[in-house]
Each structure stands twice: as structure tokens, then as C-alpha cells.
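In: return atomic coordinates for the entry below.
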Amino acid sequence: QVQLNESGGGLVQAGASLRLSCAASGLTFSTYSMGWFRQAPGREREFVAANGWRENITNYGKSVKGRFTISRDNAKNTVYLHMNSLKPEDSAIYYCAARRGPYPSTGVYDYWGQGTQVTVSS
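Out: This next block holds a predicted model:
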């Protein structure tokens, strides 16, 4: 059974940094591409970042590019989202997702975590 467990969310002030973690189990992590998405109340789910296992290709959503960084540690079966210069509009539930295949995707994933709340105060 595949499980994705996010952690690291919380309440921070604007300009602060946070690191989200997503620990995966029940899959061969090194052969999965991993992604982060977020959803704020009343808004559609938004692509944040993704990392493919082949050639370590990464993609970022326009609103976070230059501020957020996705990374992975295959030895720990964990993907991270490093978030810098946080803004109130970054407030949302952040979800981790896993996708079979070597390249990242902005939408199509096989497994999803339960999410972790990030709140950025002004």
C-alpha cells in the first residue's frame, strides 16, 4: 500500500521560510517522479513543483519559481519543498504526489498524500 505523508507545515510570517517533507512508502521511490501541489479555500488545485527521477528534471509553477525549490533524497524515500520569501498568497494546503515514470508532470499523478497546512500571515 502506497503512502505519502507530508509534514513541516505551520504558521509563519511573510518573508519567512519553511521546508515541507513528504515521506513515501510502499513504492520504489527512485523510479517515481514526485510533485507538490497546493489548494487554498475556494480555489482550484495549483501545481507548485515537480521532480523527475531521470536527469533530475524539475518544473515549477509560475507563482513560486525563484522562491521554492524541490529536492529529493532517494535514500530516505523523501521529497522536500524548500519555500523561501513566503507570501500570504502562499497560504494553502500543500499536497505531495507520486507518479510512475521518469519525467515530472504538472497534473497527472498516481498517488496523493493527505496534505499539510501552510499559513503565511502578513
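In: tell me the pLDDT at residue 108?
Out: Note for residue 108: predicted pLDDT of 88.
In: that one - nearest residue in space that isn't next to it in sequence?
Out: residue 99 (6.5 Å; CB to CB, 6 or more residues apart in numbering). For glycine as for every other residue, the C-beta is placed from the backbone atoms N, C-alpha and C.
In: partners of that neighbour in the sheet?
Out: Per DSSP bridges, the residues bridged to residue 99 are residue 33.
In: so who does the spatially closest residue to residue 25 that is not a sequence neighbour touch?
Out: In space, and not counting its chain neighbours, residue 25 is closest to residue 3: 4.9 Å by CB to CB, 6+ apart. Contact analysis of residue 3 by CB atoms under 8 Å, 6 or more residues apart in numbering lists 24, 25, 26, 113.
In: the helix or strand containing residue 22 pairs with which strands?
Out: Using DSSP states H and E, the element containing residue 22 is strand 18-25. Strand pairing for strand 18-25, determined by DSSP bridges: strand 3-7 (antiparallel), strand 78-83 (antiparallel).
In: hey, C-alpha coordinates of it in PDB?
Out: What follows is strand 18-25, C-alpha atoms only, in PDB (Å, rounded to 0.1, in the frame of the first residue of the first chain):
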ATOM      1  CA  LEU A  18       9.600  26.600   5.600                       C
ATOM      2  CA  ARG A  19      10.600  23.200   4.500                       C
ATOM      3  CA  LEU A  20       8.000  20.600   3.700                       C
ATOM      4  CA  SER A  21       8.800  16.900   3.700                       C
ATOM      5  CA  CYS A  22       7.000  14.000   2.100                       C
ATOM      6  CA  ALA A  23       7.900  10.500   3.200                       C
ATOM      7  CA  ALA A  24       6.900   7.800   0.700                       C
ATOM      8  CA  SER A  25       6.400   4.100   1.400                       C
END
